[in-house]
Each structure stands twice: as C-alpha cells, then as structure tokens.
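>>> Sequence first, then the predicted structure:
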Amino acid sequence: MKIDMGMIGSSAAACGPIAADAEEHGFDGVWASESVTDAFLQSQAALLSTSRVSVGTAIAVAFARNPMSVAYLAWDLAAMSGGRFVLGLGSQIQAHVERRFSMEWSPPVDRMRDFLLALDAIFTAWRDGTRLDYQGEHYRHTLMTPVFTPHHHELPIPTMIAAVGARMTELGGELCDGLLLHGMTTTAYLDQVTLPAVERGLATSGRGRDELELYVPLFLVMGDTDEQFEETARKTREQIAFYASTPAYVKVLESVGYENLQPELQSLSREGRWSEMGDLIDQRLYDEIALTGTPEQMPALCRERFDGRVDRISSYYGWPSDDPDRLRAILAGFTDESARPATEENSHEPIDA
C-alpha cells in the first residue's frame, strides 16, 4: 500500500515546500487539488521541488476545460518531470460547471468517456505523428499543424478519473490507469458497488486488477491527546455530514443502512444550520467511514480495512509533522507486515459526539 500526501487548500506557492517535505519524509506521492487555485499550477510547483515522488491532480475539473488544453498541460508536466506526473480528472457537479465555470453540462459519464477518448487521440497523434481526427459527441479535434505540435517524448501520462457511482467507476476500469475514489465511502460500498464496477470495466478492456490503481483519501482521526482526538473527530463528523447531505452519496449511506439520513441533512444545509449537521452522524456511521487511533496505529488499521481493496491512500487531515523521524517510522509501517496490529489493548477508543 502506497501512502501519499494531499495538498487540498494549498496555494501554488505553498505546494513546492509541502511536496519537498513529503518527499523527504518518505511519502510515495502528492496530490494537487482544484480548490483555491489551479491544480496544474500546484502540480508544476510540486514537480519543480521534488525528484522522486509522483505528483498528480486529484482532481482537475475536466468539464471546465477541453481535451486539447488538458493535453498540452499534461504533456509538458510529464516531460518536465521525467514521467512523474499523473493526470487525475473529475467531472465536478452541474452547479459548479454551469455557474462557477460557465461551461456546458451534459450527462457526466458519457461526456467523460468522450473526453478520455479525445485525450487519447491527441496523445497518439503527438507520439506517432499521425493525423489528428477525433470526432466525438461532445469534442471534435481535427486540426494539428507542426507549429502547434509539442516536442516529442515517449514518457507515460497515467490518467485517472474521480468516481463514486458505479457507471463512472466502470468507465475508469475500462479506459483509465487508475481511479480517484472518495473518502466518503464504506467497506460495504467498496465491496458491493465500487470493486464489482472496477472488475466490469477491466473485463471490457481485457485487463487485470493489477493494471489499475485505486487511490482514496481517508478520514484518519489521529491524535496523542484526548483534546486532539476530539477536535479531529468533530471536524470529521461535520465533513461526513456535509458529504452525506448531497444526493451523490445516498448509495454510500444505503450500503450501511443510513439512506434516510440524507434528506434530513440536506434540509438542514438548505436552512444554513451547518453547526447542527455533525451531531446527526452517530457513532456507528462515523466508524463505518473513519478510522480512529494514534498515528502509529494507522498503518495496521488501514491495512486491516483496505488491504486488497485499494492501492494507495492519504490522510484527509494530514499527518503529524513536528517530528520527522516519527513520521518516517509511521510511513514505514505501511510496508512493514510485522507491524503490530490494532487490538483492544493498543487502539484508541472511539469518541462519541
């Protein structure tokens, strides 16, 4: 299991030092995120400050752009990094695509398929020197002259898409190198929905599970004191409630018998009663989604729940970084099979709301 560092909420200027620290401490990769700035700018800063870790976008909003503009960015980032860049795309939701980016919205799975196929056609034209002639339902790219063709390279550009629902997950299994899963998930949902959809997509493409990488940022509730646990637990309940209020996660809630919670949370969100929403996340639902323990217990806890399900993870709220040696030892635990497992004697008790 690989362990990564997320950079959500960071400016492009901050991403260089964050990525450099992550590489020094032993993380396998870092992920830029389209929140407060452009994910490709964040990725460039991270790549310029590192030499080993993979750097990916988790996510860049595909439908705020077009395949050609994304292809140019990904091609150059792959070239400048020697192939360490990972192109992670997501659809976002209709309100943001139409009202924040002022772009056209259509059924996202079909549009994402078209986007991915267009990207592949562009990359193929650049690599092989063949004529560009992609004509899809939403995207058409039929012009590429020498003056606009980027410098040739054969470096890989792994492509991943964000997926929650079965159809988008299946598409990723069919056309992509990996999937960016959401931390708002349960093992039941992974086993009942996500992984079967992955297998269907892989079967369509004639590939095996070892040819697809699954990444998920997890709600890891860590601390060394009761106060630290309580603060992170509070933030986690509020974040779970925020996601659970949206219809996109009804199936996740349904996997553990909480589908009736979504309308109630949505009603509170529409009334602006945000502070009350976290109180509705009871202990059972909280434990289905989050893992609670000391930082040293996280490798064993993550392996126990996610080994065989996902391939790489990060912590939604980051890791303790005041002691570099401690952090390196924690990260080493993710590859140390002899690490002590979580038991009643060495795990922190869950915290009630």
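Perfect, thanks for sending it.
>>> Return the distance of the one residue sitting closest to the centre of the chain relative to Glu34.
With distances taken as Cα atoms, centre = their mean, Leu180 lies nearest the centre of the chain, 3.9 Å away. According to Cβ to Cβ, to the nearest Å, Leu180 stands 12 Å off from Glu34. For glycine as for every other residue, the C-beta is placed from the backbone atoms N, C-alpha and C.
>>> overlap in contacts of those two?
Jointly contacting Leu180 and Glu34 under the rule Cβ atoms under 8 Å, 6 or more residues apart in numbering are 59, 90.
>>> which stretches of the protein aren't confidently modelled?
For the chain, applying pLDDT under 70 flags the ranges 336-353.
>>> domains for it, by residue range?
Domain assignment for the chain, taken from automatic domain parsing, gives 2-221+295-332, 225-293.
>>> ok, and which of those domains has the densest surroundings?
With neighbours taken as mean count of other Cβ atoms under 10 Å, the domains of the chain reach their highest mean count in domain 2-221+295-332, at a mean of 19.
>>> Which residue is the nearest non-sequential neighbour of the residue nearest to the centre of the chain?
The shortest distance from Leu180 to any non-neighbouring residue, by Cβ to Cβ, 6 or more residues apart in numbering, is to Ala162 (4.3 Å).
>>> contacting residues around the one you found?
By Cβ under 8 Å, 6+ apart, the contact set of Ala162 is 58-59, 88-91, 168, 179-182.
>>> could you pull out the helices for the stretch 1-150 of the chain?
Taking DSSP state H, counting those that start in this stretch as the test, the helices found in the stretch 1-150 of the chain are 12-25, 39-48, 67-81, 94-95, 108-128.
>>> now for those helices, which one comes closest to Glu254?
helix 108-128 (19.8 Å; Cβ to Cβ).
>>> Check which helices and strands the closest one sits against.
Applying 3 or more Cβ pairs under 8 Å, 6 or more residues apart in numbering; DSSP states H and E, we find helix 108-128 packed against helix 67-81, strand 85-90, strand 134-135, strand 140-141, strand 159-162, helix 166-175.
>>> Could you dump those into CSV and include distance to Ser49?
Shown next, in CSV, are the helices and strands packed on helix 108-128 (distance: least, Cβ to Cβ, whole Å):
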stretch, distance to Ser49
helix 67-81, 11
strand 85-90, 14
strand 134-135, 35
strand 140-141, 33
strand 159-162, 22
helix 166-175, 29
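>>> For Met7, which of the ones you listed is the nearest?
With distances scored as Cβ to Cβ, the stretch of these nearest to Met7 is strand 85-90 (12.4 Å).
>>> Just the CA atoms of stretch 125-133, as CSV, please.
Presented in CSV, the C-alpha positions along stretch 125-133 are these (Å, rounded to 0.1, in the frame of the first residue of the first chain):
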residue,chain,number,x,y,z
ALA,A,125,-1.2,12.0,-32.8
TRP,A,126,1.7,13.7,-30.9
ARG,A,127,3.5,10.4,-30.2
ASP,A,128,3.1,8.8,-33.6
GLY,A,129,2.9,11.8,-35.9
THR,A,130,-0.4,10.6,-37.3
ARG,A,131,-3.2,12.8,-38.4
LEU,A,132,-5.5,14.1,-35.6
ASP,A,133,-9.1,13.2,-36.5
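>>> do you know how far Ile281 is from Leu195?
Taking Cβ to Cβ, one finds Ile281 at 25 Å from Leu195.
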